[in-house]
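**Q** Sequence first, then the predicted structure, then my questions.
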Amino acid sequence: MPKSSKKQISEDEKKIIAEMQNNSGDSIENIAKNCGFSRQKVWRIKKRLEKSKTIWGYHAVVDDEKLDVKRYMMLVKLKHLPIDNEVEKNMIEGIIDKLGAEIGISVKDSFWLNGNYDHMVCFSADNLKKAKKFQEIFMRTYNSNIAELQLIENIVTIKKDGFMNPKIIETKKLL
């Protein structure tokens with residue numbers, strides 16, 4: 001059997017990734033069936049994608065309301081770029097994640113941005129009081145480099161991690 005071209009391998013990987021993004025908890029057998037591939041081919045490609053860190057991990061998309069938490073974002077405008085080595089080191093080592101965990105905050109995402117703001121941190125907290133405490137900790141930790149910090153509370157989730165909120169009809173009265 002002839003080896004596949006790099007282009008074909010890339011197309012097969014993208015097809016499997018798209019299928020897994022729709023439901024990463026699905027069985028290899030169902031993913032293979034939906035992609036038109038053998039189970040073995042899907043398993044090999046999946047393992048290769050995990051080993052190459054194309055796939056970083058897996059998670060469940062959950063209803064924050066049922067966990068009794070709210071989602072927040074902090075938009076950060078820095079005073080100057082590049083940031084100093086100590087701040088960069090803290091971010092890479094996840095210091096802010098650890099500080100948040102100490103007060104019951106779960107940092108979900110952290111991004112460097114190109115635009116009006118330089119950094120965005122998305123997290124969940126039990127309430128606004130804890131979110132503001134986390135904002136204060138963040139400010140104290142990175143104060144020398146922060147020009148502006150905006151705390152934003154998510155009121156209604158329409159779509160999360162590529163999935164439409166199944167309760168959007170119930171919550172649309174808030175929109």
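**A** Thanks, I have the structure now. Residues are numbered from 1 along each chain as shown.
**Q** Okay, buried residues for the longest helix along the chain please.
**A** Counting residues, the longest helix found in the chain (DSSP state H) is helix 6-22. Of all the residues in helix 6-22, those buried under the rule 16 or more other C-beta atoms under 10 Å are 12-13, 15-17, 19-20. To be clear about C-beta, it is placed using only N, CA and C from the backbone, and glycine gets the same treatment.
**Q** Specify which member of the residues you listed is nearest to A125.
**A** For those, the closest approach to A125 (C-beta to C-beta) belongs to M20, at 29.7 Å.
**Q** so who does the residue at minimal distance from the centre of the chain touch?
**A** Nearest to the mean C-alpha position of the chain, counting by C-alpha atoms, centre = their mean, stands D109 at 4.5 Å. Going by C-beta atoms under 8 Å, 6 or more residues apart in numbering, D109 touches 120-122.
**Q** what's the distance between the closest residue in space to Q135 that isn't next to it in sequence and M91?
**A** Distances taken as C-beta to C-beta, 6 or more residues apart in numbering place L151 nearest to Q135, at 5.0 Å, with adjacent residues excluded. Distance from L151 to M91, counting by C-beta to C-beta, to the nearest Å: 18 Å.
**Q** Neighbour count: those two, which is higher?
**A** Using other C-beta atoms under 10 Å, the more surrounded residue of L151 and M91 is M91, with 18 against 15.
**Q** Spatially, which residue comes closest to the more buried one, not counting chain neighbours?
**A** Spatially, and ignoring its direct neighbours in sequence, M91 is nearest to S110 (7.2 Å; C-beta to C-beta, 6+ apart).
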